[in-house]
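Engineer: I'll drop the sequence and a predicted model, then ask my questions.
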Amino acid sequence: MPRRPRIQLAETPLHIVQRGINREPCFFAEEDYHCYLHWLEKSAHDWGCAIHAYVLMTNHVHLLITPTEPASPAHLMQSVGRRYVQYINRFYRRTGSLWEGRYKSSVVQAETYLLACYRYIELNPVRAGMAADPGQYRWSSYRANGLGQADARITPHSLYLAQGTTTEERTAAYRSLFRPELDTDAAADIRQALQLGMPVGNDRFAEAICARAGIRRNSGKRGRPVGDAAECPAQLHGQKDFGF
């Protein structure tokens, strides 16, 4: 079966997920998270990708980025992935791949889904039962976006900046978005878009993006995706984790 083409456009937000093989762990110790974030920051700078949100889970990674060029996300993921796997294999004396195939991605309609994607990403540890509040989890962008802590990796999107005129106003407005539960329909839309590799947004946006990319839109309306599209818990180191 031929690979589905990825839709990746310059100056358009992109939600990326990369998982460990068979949902197995890809982070084993605190130093591993630090190493990944170091190379993520460097690779994003090298390849012109602004990082708006991220979370490093036990067995997968979420990123929300805006690339300067269509090829930038692929270069970013190849660069950080290669460096991180080399480090893991050397340090833990293992061989072979760490990641499960190609990363998944979905173009995001900023006006309708960007802040929902921020929340979806940073709420991963809460959904997985690893933290009661996103601020309790160290390996995400929430402490920067929601609490105002310095994080050199983060470039705020203009819609995030529009939440207020000062850091205090923006972080307070952003935290208020986390009080209600993330809308279940929005969460389902985000998961399905990632599974299908399709844009997430309204119908007009999705059709326009697919036309621009020269591909046929797959809305997934013939049936709910199974497997990856559903949140399937796995016990890893005694902690509950999710594929998306």
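Structural biologist: Sure thing, it's come through.

Engineer: Tell me which stretches of the chain form helices.
Structural biologist: 30-46, 72-92, 110-122, 124-127, 142-145, 158-161, 167-176, 184-196, 203-213 (DSSP state H).

Engineer: Pick the most deeply packed of the ones you listed.
Structural biologist: helix 142-145 (a mean of 25; mean count of other CB atoms under 10 Å). Any C-beta I mention is one placed from the backbone N, CA and C, and that applies to glycine too.

Engineer: Dump the C-alpha coordinates for that helix into PDB.
Structural biologist: Taking Å, rounded to 0.1, in the frame of the first residue of the first chain, the C-alpha atoms of helix 142-145 are listed here in PDB:
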ATOM      1  CA  TYR A 142       2.300  24.100  30.000                       C
ATOM      2  CA  ARG A 143       4.600  25.700  32.600                       C
ATOM      3  CA  ALA A 144       5.600  28.200  29.900                       C
ATOM      4  CA  ASN A 145       2.200  28.800  28.300                       C
END
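
Engineer: from now on call the first residue 55
Structural biologist: Right, with 55 as the first residue, what we last looked at is helix 196-199.

Engineer: Let's test this: mean pLDDT of it, rounded?
Structural biologist: Average pLDDT, helix 196-199: 97.

Engineer: got it, and stretch 117-129?
Structural biologist: On average, stretch 117-129 scores 97.

Engineer: Tell me which residues touch the closest residue to residue 66 other than its chain neighbours, please.
Structural biologist: Nearest residue to residue 66, sequence neighbours excluded (CB to CB, 6 or more residues apart in numbering): residue 161, at 5.6 Å. For residue 161, the contacting residues are 61-63, 66-68, 253-255, 263, by CB atoms under 8 Å, 6 or more residues apart in numbering.

Engineer: What of residue 67?
Structural biologist: Counting by CB under 8 Å, 6+ apart, the residues that residue 67 touches are 106, 118-120, 161-162, 164, 168, 171, 211.

Engineer: Let's see that with 6 Å instead.
Structural biologist: By CB atoms under 6 Å, 6 or more residues apart in numbering, residue 67 lies in contact with 120, 162, 164, 168.

Engineer: How about residue 210, nearest residue that isn't a chain neighbour?
Structural biologist: Leaving aside its sequence neighbours, residue 210 sits nearest to residue 106 (CB to CB, 6+ apart; 6.9 Å).

Engineer: wait, residue 202
Structural biologist: residue 225 (4.5 Å).

Engineer: Over to residue 78?
Structural biologist: Nearest to residue 78 is residue 113, by CB to CB, 6+ apart, at 6.1 Å.

Engineer: Run a quick neighbour tally on that neighbour.
Structural biologist: 21 (other CB atoms under 10 Å).

Engineer: is it true that it touches residue 76?
Structural biologist: No - Residue 113 lies out of contact with residue 76 (CB atoms under 6 Å); the separation is 9.0 Å.

Engineer: pLDDT below threshold where in the protein?
Structural biologist: Scanning the chain for pLDDT under 70 picks out 55-58, 234-237, 274-298.

Engineer: Look up how far residue 136 lies from the residue of the chain most remote from its centre.
Structural biologist: Here the centre of the chain is the reference, and by CA atoms, centre = their mean the most remote residue is residue 147, at 28.4 Å. Here the criterion is CB to CB, to the nearest Å. By it, residue 147 lies 18 Å from residue 136.
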